[in-house]
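Visitor: Please find the sequence and the predicted model below.
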Amino acid sequence: MDMIEEYIAAAIEHESLNNAGLTPKTVRLNNKLADKMRHIAMTIESDKPEIKPEFAKLIFHKNANVRGWCAHHMLEVMTFQDEHRINALKEIAARTEDDYGEKLWLEQWSKKFPDDRKIIENE
């Protein structure tokens, strides 16, 4: 399995665990999956930049959980051109109505990166 496929599989498994109900065991598993996805994104950034364009396509994946994780990792641990950053910000902003955690994250991000706030407000 390649890194992109591993990332997708981890995001989908993470979603399945959340849908099944949170227990101490599923929280631990979710944390491991989140760490795995972050590690994959960081590895792509540092060691496999040639597959970054393929990773960036995950922002349009049919699975919302894949899109969400991709958006965060594109902004938090990877470097992308503005077009990709805008797509990531739009994905996160779209989630803020139904997800208070995303709303808080975006507020904090916007304080740290005021130019990104302008991007969101202009969309």
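Guide: Happy to help now that I have it.
Visitor: so what's residue 52 closest to, chain neighbours aside?
Guide: What sits nearest to residue 52 in space, not counting adjacent residues and going by Cβ to Cβ, 6 or more residues apart in numbering, is residue 44, at 6.1 Å. Every residue, glycine included, has its C-beta placed from N, CA and C.
Visitor: Helices of the protein, residue ranges please.
Guide: For the chain, the helices defined by DSSP state H occupy 3-20, 24-47, 52-56, 64-76, 82-95, 100-112, 114-122.
Visitor: Now the last one: buried residues?
Guide: To tie it back to what came earlier, the one meant is helix 114-122. By neighbour count on 16 or more other Cβ atoms under 10 Å, the buried set for helix 114-122 is 116-117, 119-120.
Visitor: wait, which of those is closest to residue 40?
Guide: Taking Cβ to Cβ as the measure, residue 116 is the one of the buried residues of helix 114-122 closest to residue 40, at 23.6 Å.
Visitor: So the closest one sits against residue 108, correct?
Guide: No. Residue 116 lies out of contact with residue 108 (Cβ atoms under 8 Å); the separation is 11.1 Å.
Visitor: how about the helices of the chain in TSV, adding mean pLDDT?
Guide: Formatted as TSV, the helices of the chain follow (pLDDT from 0 to 100):
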stretch	mean pLDDT
helix 3-20	91
helix 24-47	95
helix 52-56	97
helix 64-76	97
helix 82-95	92
helix 100-112	92
helix 114-122	74
